[in-house]
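Engineer: turn this into a structure:
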Amino acid sequence: MSVAGDAVGAKIYASGSKVRIETAAGYFLIEDGAAVFVRPSRRMFTDARQSTVLTQWFVPVDPERPCVQLQAAARDAGVAGAEGEWRCERLEAGPGAADLGAADRGSTALWRVTPPGLMPRECWIDSSLRFPVRVEASDGTRLRLDNIRLGAQAPESFVVPSGFHKLDPHALIEHIKRSDVWVEPPASN
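Structural biologist: Numbering: from 1, shown residues only. A predicted model of the protein is given here:
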């Protein structure tokens with residue numbers, strides 16, 4: 001599947017509860033809400049908190065109760081307000097559902113998803129895929145899956161390759177503090 005809209009060029013692969021989102025800089029691996037970003041060119045990975053909206057909206061969901069997984073993905077991404085009460089309201093899919101590119105166009109349901117303190121988003125979920133196929137935010141942001149092809153996925157596509165090291169941001173900051181570029185902030189009175 002490829003994502004059209006604000007994240008043009010991203011590709012998504014899904015298998016059960018696992019998702020891989022490929023971008024020009026690397027790829028995200030998502031499983032059970034936890035996301036990491038893998039940079040093959042540097043042979044490293046890091047936690048992917050608040051890095052992209054794609055890891056929050058393109059996750060496997062229960063087509064009858066999508067807020068459970070969407071809220072968990074937002075919480076795991078560290079999104080402010082994710083702990084509050086989310087509202088999900090099922091709507092009529094309307095005439096636009098036919099152009100979604102879903103595997104079974106008749107199984108696409110439209111939901112209005114309202115995270116606490118944020119504007120609602122409309123989310124089309126393909127019931128047979130158990131996956132969002134389109135998300136539209138009230139600010140005009142639109143993300144849509146195109147070129148959906150069903151098929152088996154290679155299990156190794158959903159794991160960090162062996163030999164890659166995890167980037168620890170705290171260790172990086174400590175390393176920078178020991179360098180000649182670090183300037184201590186002024187002491188507060």
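Engineer: rest of the way, CA atoms for contacts and neighbours
Structural biologist: Fine.
Engineer: report the contact partners of the residue nearest the centre of the chain.
Structural biologist: Centroid check for the chain by C-alpha atoms, centre = their mean gives T55 as the closest residue, at 1.1 Å. Taking C-alpha atoms under 8 Å, 6 or more residues apart in numbering, we find T55 in contact with 21, 28, 30, 35, 73, 77.
Engineer: give me the neighbour count for G9.
Structural biologist: For G9, the number of neighbouring residues by other C-alpha atoms under 10 Å comes to 12.
Engineer: quick one: mean pLDDT for the longest helix anywhere in the chain?
Structural biologist: For the chain, the helix that runs over the most residues, judged by DSSP state H, is helix 66-76. Per-residue pLDDT values over helix 66-76 give a mean of 86.
Engineer: now for it, which elements pack on it?
Structural biologist: The helices and strands touching helix 66-76, judged by 3 or more C-alpha pairs under 8 Å, 6 or more residues apart in numbering; DSSP states H and E, are strand 34-39, helix 54-57, strand 87-91.
Engineer: about what we covered before: so for the residue nearest to the centre of the chain, what's the pLDDT?
Structural biologist: Value for T55, per-residue pLDDT: 82.
Engineer: distance check, it against Q69.
Structural biologist: 11 Å (C-alpha to C-alpha, to the nearest Å).
Engineer: go on, W111?
Structural biologist: From W111 to Q69 the distance is 14 Å (C-alpha to C-alpha).
Engineer: tell me which of these two has more neighbours.
Structural biologist: Comparing W111 with Q69 by neighbour count (other C-alpha under 10 Å), the higher total belongs to W111, at 26 against 18.
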